[in-house]
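Visitor: requesting a structural model of the entry that follows:
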Amino acid sequence: EKHIASALADGAVLVVGGGFWRAAPVQWLSSSEIYDSRTGSWSQGPSLPGPLPGQGGAPYANTTTVLLNGSVLAVGSYGIAAVLDSARTAWTPTAPFPMAPNNPIAAELPSGKVLVLTTDVYDEAPSSATLYDPARDTWTATVGPKGWYAFGTATELLDGRILAASWGTGELYVTRPPLP
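Guide: Numbering: from 1, shown residues only. This next block holds a predicted model:
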């Protein structure tokens, strides 16, 4: 349950993490698998770095974003953030996330940076926003949207705005003037 899938440029699909929610305690998976759409076959991918505290001994990715260079950024609750190299051989932890994200959603911007929105699912506080720069491996806090977007999705629109949607709510997050 709760696996994350991303379509890659060559037609393959990367499936990351997930967990067994009906088990007590929840059992998180740190594994990844790659589906080759040309051959219809699956292969084992590298495991996410971990374990992380509070996650049943395994890291958990809430969102994955395919970057312009073909690598994949995974961001999860409890501060996990790692990049899978474009050859799909290894995950490398990013620079430390500036806060412990909870249920993050992400969208890549035209600049190649990734906007990560995160919220506290328990107090329903408005989302905070952080930019990840894969070229510099840095995180920078930025102005966040007004809404609450746990367990949602963020998608870049053709005009550069980000549509954030979750649990019956939606908001256009304007990135103009463009985020750095």
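
Visitor: residue ranges with poor pLDDT in this structure?
Guide: Counting by pLDDT under 70, the ranges of the chain that qualify are 1, 20-28, 50-61, 78-79, 99-101, 119-127, 144-151, 166-180.

Visitor: one more pass at 50, please.
Guide: Across the chain, the stretches falling below the confidence threshold (pLDDT under 50) are 51-58, 176-177.

Visitor: how about the helices in it?
Guide: Along the chain, no stretch is classed among the helices by DSSP state H.

Visitor: tell me what the nearest residue to E33 once chain neighbours are set aside is bridged to.
Guide: Nearest residue to E33, sequence neighbours excluded (C-beta to C-beta, 6 or more residues apart in numbering): V15, at 4.9 Å. For glycine as for every other residue, the C-beta is placed from the backbone atoms N, C-alpha and C. Partner residues in beta bridges with V15: A5, E33, with DSSP bridges as the criterion.

Visitor: number of residues surrounding V15?
Guide: Residues near V15, counting by other C-beta atoms under 10 Å, number 17.

Visitor: so who does it touch?
Guide: 3-5, 32-35 (C-beta atoms under 8 Å, 6 or more residues apart in numbering).

Visitor: which of those are buried?
Guide: For those, a neighbour count by 16 or more other C-beta atoms under 10 Å gives the buried set as 4, 32, 34-35.

Visitor: surely P104 and G76 touch.
Guide: Yes. In this structure P104 lies within contact range of G76 using C-beta atoms under 8 Å: 7.1 Å.

Visitor: residues that sit against both of those two, list them.
Guide: By C-beta under 8 Å, 6+ apart, P104 and G76 have these common neighbours: 62-63.

Visitor: nearest residue to Y35 other than its sequence neighbours?
Guide: Setting aside the residues directly before and after it, Y35 is nearest to V13 in space (C-beta to C-beta, 6+ apart), at 4.3 Å.

Visitor: over to S43?
Guide: Distances taken as C-beta to C-beta, 6+ apart put I34 closest to S43, at 5.2 Å, once the chain neighbours are dropped.
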